[in-house]
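[1] got a predicted model here, sequence first, then my questions.
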Amino acid sequence: MANFYSQRSAPVFDALKQAFRKWLFRQKIERGTVTLTQRRIFILPTRRGVGFGVLLLLMLVGDINYGLSLGYVMTFLLATMAVMSMLYAFRNLANLQVQAGHCEAVFAGEMAQFVFHFYNNSNLPRYQLTLKNRNNPDATPQPKNITKKKFSFRKQVSSAKINFSNEVPQGDNVIFDLAAQQNLTVKFPLPTSTRGWLSSGRLTLYTEFPLGLFHAWSYLQFDTSCLVYPHPAAPLPLPIQHDKDGLGLTQIKGDEDFSGVRDYVTGDALTHIAWKALAREQGLQVKQFSDQVGQQIWLDWHHLPHLVTEAKLAVLTRWVLTANEQKMRYGLRLPKIEIFPSHGDGHRAECLKALALFDLPQQSTSTA
Amino acid sequence: MNKPTSNLSPGNLSPNPTRGQCNLATRHLSLAAIYGLIACIFLVIAPHAEHLPPWVSVLAATLMGWRIYLAYKNLLLPKRWLLTLITLACVVSIFLTFRTLFSREVGVTLLILLTTLKLLELRTQRDAIVTIYLACFIIITNFFYSQSMPTALFMLFTLVAILTTWLHLQTGDLGFRPRLRMALILLAQAIPLTIILFLLFPRVPGPLWGLPHDAYSTSGLDDTMSPGSLSKLSLSEAVAFRAQFAAAPPMREQMYWRGPVLWAFDGRTWTAGTAPASKPATLDTLQNSQDYTITLEPHNKKWLFALEMPTKISIPSRVTDDFQILLPNNIIARVRYTAQSHLGFRANAEETEQQLQRALTLPATLNPRARQLAAEWRSTLNNSEAIVRAAFTYFNREKFEYTLEPPPLPGLHTVDDFIFNTRKGFCEHYASSFVFLMRAAGIPARVVTGYQGAEYNELGNYYIVRQSDAHAWAEVWIAGRGWIRIDPTAAIAPSRVQSGLAASLPDSVILPFMARTQSPLLRNLRLNLDSLTNQWNQWVLGYNTEQQFAFLTRLGMQSITWQNMVISLIIGLAALIGIFALLMLRHLKGRNVDMAQRLYLKFCHKLVKINLVRAEHEGAKDFAARAIKASPQLTAAVTHITNLYLGVRYGGEANSAAIRALRHAVTSFKI
């Protein structure tokens, strides 16, 4: 979008323009399914479109000057096709339905994968829909990468392939097609840097189909957020428990005796599923061990008196991960928060969420 | 809302979202797109090969071949400095070829070479777009050279190719066929809009600024005549003009289409010379009037053609004292005019002394033998008519030969050489030597060039005059009778005048295809084509301010101003685009599945009356269970409708019968 508004102008005009844009693109944060109606779709010519207009004018002048009747015909054909392409651009977006999906929590520094469900209930295929994040200034492609690629044609091809399989660079656009009557789930990656709730912000869905002369776009701003856990500190040993805690080193015999199976309950670890039983078509069952409680440990805020808050949270996050890996029973103690020792993925998520949201102002925590 | 699934319908749509660079302009091109672009450039340049210097055609072909090779082998594109070097070399070579850098020809050649060079730095989408735009522009330049129907069709084909490639840039990896289909639909929608624009777009006559000299092609008669100039023209089958007579047409041997009149002779070349101020041309004792309409092909000269002697011309023009019709400007577009001529006339019975002197002037020392012959006639014969007759008879009796390939006359005394040695010549030789003899004998004479004869097209009821009908004849002035036409060629080859060029030359002579008489079938085909071309010329190519005015008047437009035209243009376009929009957006509504949804919602709406509101998250089955629990008397109907709905929506029974059953069930559902 920045393309269209990047011209320099007087401050008063700028302010007016800002106000106008605010009014024109006013939009509240939405939930549920959004249908891209006429009111939501904006169209402006692209730079290429303006260039094409100039070309058409040049052609027309040539036709008049040289009295070329067929030149008129060709110019008019191109001009009317350009106008029609505006309708096509609009139609490519119109009546699409979008819904925000659930976004899996990630650690700070990882890419948050926002999920959007696109429904094309029409009999028309939609081409080259692009989802981009205009709130994130980093979301523009790194110019360095491009200039590097510009120099050689052969390099381009290979590096483009690598790009797809490897980690997605920051702020990439997501380009997709939708066949007639097709529903598609699109993941939109956003980089994360700090813990807490990350909002998807205002995303732009745009298309320049069919000729690239017009840019049709719509804004999507859902109340969807991604929970970002603190970035875990480097691996380090678990804290040594002091006796005075009263709970201390309660060694329970560590023999992992198999004690039977029970029915699967949501939240059970995948590693405990009795896959052989499943293969025997006995349903989803979970193996139980007599010593599932190996060790009990308290991960306490006060163990780390010399660190700043964020560093404390980083270390605690690491401890939670380590303790969980070692299948310990662990509890988490933060100022004003105490989570009693337990184990399992649900417990892990609870602890990490507490760490992620520690001392943050209350915010809408709903996810779609 | 049904669950999001990734069930792909068949087609060429990319199955998974791709993550690419943000900016489309810098996205890289697929191999197919590169080949497509090369093909587009080849198509738009190919027709230019006919008139480009051979080295340019060869170079362009080589550059394209190089680019294809690089793409095929997936090699690096040439370095920038190399391309710059090639570009500079091209500019210098063009300058050396044309000796200028400022003419239309040079502009077109440069554009073509730079476009092919652009292919060699075709890397990103932006380059591709520039190439597409250049291709569109080169299409227009093709019309400088030809605007015939085949050219138009070829360019339309080229446009489809360009569009198909263009769509490639915006549709990812969509296949060729769906892209071609899209391109054809776009074109099909543009055609009616273009017709409206073409008919109503206000035409601005004439060039907007002065153009280079070579802006318009020149073919046809020149205002000079030297041995060989007309025989060269006779090989061209290009149409000079077409004429349609209002009543019975004249005989073929009377069809002398008058063009430039040549007065001055330097021993080899006849030119118009400088005309002194003279009294206006006068015609009297007129007989045998003819009204006709001429559609003249542009020849980039000022004169119009008309039968001897013209008395009326429909367009503003000037008649000179030697009966040439001149327009104020060069004719650069096809022009249509009606004229009236009288085949029987007495022209300039009174001529000024000055003009008569001009018609007697000869280079002093040249051609002594011809002068001698003329002097003999002068001394033995007592009047001018007798001398003219003697000269005519001389050409008839002596062994003169009519040929398209006369031996060259390299000497100083060209007329002597021709009359006494070679004796083989074309019309320009006869006209030239006849006028020389007349002047030498003291009879005022001049050379007239133009066209003689015409071919009748019975399908369109008009006559075609081709460049191969170009002719030169003589005029002598005899006191009391004025200027009289004498065609010395008729003395040697009367069939030239009566039946045309082909009849008067032996079969072995290579003549343009058109000039030969052919089998009736071929002739019919050819005349059909010409008839079509004539319509094309008049309605498409000749659609100018006047034609537009005439057409709109016939349509019933009251006052034709440009404002009115623009208003109707906008209304017409808006109406048509509106219709297209309706047709296009109609497809946005999914039919079967949506209908099921709508019917189900109608059913839910009916249940609201008894305080049963379906929650957003509630599935059809759950809702049905709740509804039955709340009001058991509806069990049968609710179960029936829910099952039908689920069948249509999820059970893959989305056929019209199932929909109809659902509709029936919902409409008959009562609480």
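    Cool, got the structure.
[2] excluding its backbone neighbours, what's nearest residue 34?
    You didn't say which chain, so I picked chain A. residue A:98 (4.9 Å; CB to CB, 6 or more residues apart in numbering or on different chains). (Each C-beta comes from the backbone N, C-alpha and C, glycine too.)
[3] switch to chain B, that's the one I care about
    residue B:71 (4.9 Å).
[4] wait, doesn't the one you found sit right on residue B:32?
    No. Using CB atoms under 8 Å, residue B:71 is not in contact with residue B:32, being 10.0 Å away.
[5] who has more neighbours out of those two?
    A count of neighbours by other CB atoms under 10 Å in any protein chain shown puts residue B:71 above the other of residue B:71 and residue B:32, at 19 against 14.
[6] quickly find the element holding the more buried one.
    helix B:54-73 (DSSP states H and E).
[7] dihedrals phi and psi, residue A:117?
    phi -100, psi 120 (degrees, to the nearest 10).
[8] in the sheet, who's paired with it?
    For residue A:117, the beta-bridge partners are residue A:99, residue A:185 (DSSP bridges).
[9] residue B:138 is in contact with residue B:44, correct?
    Yes. If you go by CB under 8 Å, residue B:44 and residue B:138 touch, sitting 4.2 Å apart.
[10] and for the two, which residues touch both?
    Both residue B:44 and residue B:138 lack any common contact, where contact means CB atoms under 8 Å, 6 or more residues apart in numbering or on different chains.
[11] looking at the two, which one has more neighbours?
    Counted by other CB under 10 Å, residue B:44 and residue B:138 do not tie: residue B:44 has more neighbours, with 26 against 21.
[12] and the more buried one, which of the three is it?
    helix (DSSP: H, G, I helix; E, B strand; the rest coil).
[13] quick one: pLDDT of it?
    pLDDT, residue B:44: 95.
[14] so who does it touch?
    Contacts of residue B:44 (CB under 8 Å, 6+ apart): B:135, B:138, B:139, B:142, B:158, B:162.
[15] recalculate using a threshold of 7 Å.
    B:135, B:138, B:139, B:158 (CB atoms under 7 Å, 6 or more residues apart in numbering or on different chains).
[16] any idea how far the first one lies from residue B:112?
    Summarising the geometry, the distance separating residue B:135 from residue B:112, computed by CB to CB, to the nearest Å, is 11 Å.
[17] likewise residue B:97?
    Distance, residue B:97 to residue B:112, by CB to CB: 13 Å.
[18] for the two, indicate the residue with more neighbours.
    Between residue B:97 and residue B:112, residue B:112 has the larger neighbour count (other CB under 10 Å), namely 24 against 15.
[19] quick one: pLDDT of the more buried one?
    Reported pLDDT for residue B:112: 94.
[20] so which elements touch the helix or strand harbouring it?
    Assigned by DSSP H and E, residue B:112 belongs to helix B:104-119. Helix B:104-119 sits against helix B:31-45, helix B:54-73, helix B:80-98, helix B:125-142, with contacts defined as 3 or more CB pairs under 7 Å, 6 or more residues apart in numbering or on different chains; DSSP states H and E.
[21] next SSE after the last one?
    Per DSSP H and E, helix B:125-142 leads on to helix B:149-170 as the next helix or strand towards the C-terminus.
[22] buried sites along that next one?
    Neighbour counts using 16 or more other CB atoms under 10 Å in any protein chain shown place B:149, B:152, B:154-156, B:158-170 of helix B:149-170 among the buried residues.
[23] what about whichever residue of the stretch 301-450 of chain B sits closest to chain A, how many neighbours?
    In the stretch 301-450 of chain B, the residue that lies nearest chain A is residue B:333 (4.4 Å; CB to the nearest CB). For residue B:333, the neighbour count with other CB under 10 Å is 18.
[24] for residue B:235, same thing?
    13.
[25] can you check residue A:44 too?
    Around residue A:44 there are 15 residues (other CB under 10 Å).
[26] between its first and last residues, how far does stretch A:202-217 reach?
    Start and end residues of stretch A:202-217 are separated by 12 Å (CA to CA, to the nearest Å).
[27] buried residues in it?
    So stretch A:202-217, judged by 16+ other CB under 10 Å, has buried residues A:203-217.
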